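>>> quick one: sequence plus predicted model below, questions after.
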Amino acid sequence: MKKYLIIIALFINSLSSSELSEMQKACDAHVADACYTLGMIFGGSDKIKPNIKMSREYLTRACELDHTLACKKLEGFQSVYLKESTE
């Protein structure tokens with residue numbers, strides 16, 4: 001799994017705006033890996049300012065398409081935000 005995350009990180013930092021657009025089209029066409037990658041991109045990268053709402057939306061779509069890593073990432077979101085709201 002670590003190799004997969006490193007490859008995604010390298011890919012995210014080399015992404016052009018046209019490639020981002022293609023990734024969004026792929027996600028719209030129900031490609032789980034595309035949705036997951038967009039969730040990671042919007043979570044913060046050199047290319048795009050972090051947008052937690054967008055990140056969560058894309059990760060949710062990926063999880064709904066049975067992407068295991070996206071579901072695990074969403075579990076992390078829930079635990080972080082629940083902890084912050086109770087402190």
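Structure received.
>>> and the strands in the chain, which stretches?
In order along the chain, the chain carries no strands (DSSP state E).
>>> show me the shaky parts of it.
Confidence mapping of the chain against pLDDT under 70 gives the ranges 1-15, 45-48, 78-87.
>>> give me that answer again for 90
Scanning the chain for pLDDT under 90 picks out 1-23, 37, 40-53, 73-87.
>>> surely residue 40 touches residue 56?
No: applying CB atoms under 8 Å, one finds residue 40 not in contact with residue 56, separated by 11.5 Å. Bear in mind the C-beta positions are built from the backbone N, C-alpha and C, glycine included.
>>> between the two, which is the more surrounded one?
Ranked by neighbour count (other CB atoms under 10 Å), residue 40 and residue 56 place residue 40 first, with 22 against 18.
>>> give me phi/psi at residue 66?
phi 70, psi 30 (degrees, to the nearest 10).
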